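Asks: Fold the following.
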Amino acid sequence: MRDIEKILFNKITELSGLKTKVATWKSEGKKVVFTNGVFDLIHIGHITYLSKAAELGDKLIIGLNSDTSVKRIKGESRPINGQDSRAALLASFFFVDAVVVFEEDTPLNLITTLMPNVLIKGADYSIENIVGGKEVIANGGEVKTITFVEGYSSTSIIKKIQQK
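Replies: Have a look, this model is predicted:
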């Protein structure tokens, strides 16, 4: 296996292994940041959002919706890219420390299992409506939002392609 494959697949993990990593990071005094999403067609909005999230702590974990959960949430035509491709793309960013795929419609189980220090979502969410926010705050953590880069979304890119 090439070095890049080792790096990528070391970052893509199951919840049980990630729980152990998070415990180690926290015992080392590291601040763990968590965000989640579909990340179907990676664009500058995603990169900006994720790099800003990474700046809010020492370790960035991304919860990635599985293909089946994306279909339930976004419809049968999505995702465009499969979960393995999406996970590998996300893991390739130097500021991402772990990617974990989840089957549920929300990441509540991931969040309550990992209990990050900081939970991040886009500014299109209000803090009181962010899944897992109450639990993170009750555990002494923070919930924050990050403003999106205007004009960028996977849905708008897909629509633009379909019009051509």
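Asks: Show me where this protein has its strands.
Replies: All strands of the chain, identified by DSSP state E, fall at 12-13, 32-37, 59-65, 98-102, 118-122, 142-146.
Asks: what's the closest of these to Val22?
Replies: Among the strands of the chain, the nearest to Val22 by C-beta to C-beta is strand 32-37 (5.7 Å). Every C-beta, even on glycine, is put in place using the N, C-alpha and C of the backbone.
Asks: How far off centre is that closest one?
Replies: 5 Å (C-alpha atoms, centre = their mean, to the nearest Å).
Asks: which residue sits closest to Gly132 in space, ignoring its chain neighbours?
Replies: Ile111 (3.2 Å; C-beta to C-beta, 6 or more residues apart in numbering).
Asks: Count the residues that sit near that neighbour.
Replies: For Ile111, the neighbour count with other C-beta atoms under 10 Å is 24.
Asks: Next up, the contacts around it.
Replies: By C-beta atoms under 8 Å, 6 or more residues apart in numbering, the contact list for Ile111 reads Phe34, Gly63, Leu119, Val131, Gly132, Glu135, Val136.
Asks: Now the two most distant members of the residues you listed.
Replies: Going by C-beta to C-beta, the pair spanning those furthest: Gly63 and Glu135, at 14.1 Å.
Asks: need the longest helix for this structure.
Replies: Using DSSP state H to define each element, the chain has its longest helix at helix 15-27.
Asks: Quick one: mean pLDDT over that helix.
Replies: Helix 15-27 shows a mean pLDDT of 97.
Asks: Now tell me what touches that helix from outside.
Replies: Contacts of helix 15-27 (C-beta under 8 Å, 6+ apart): 13, 32, 58-59, 61, 98, 100, 102, 109-110, 113-117.
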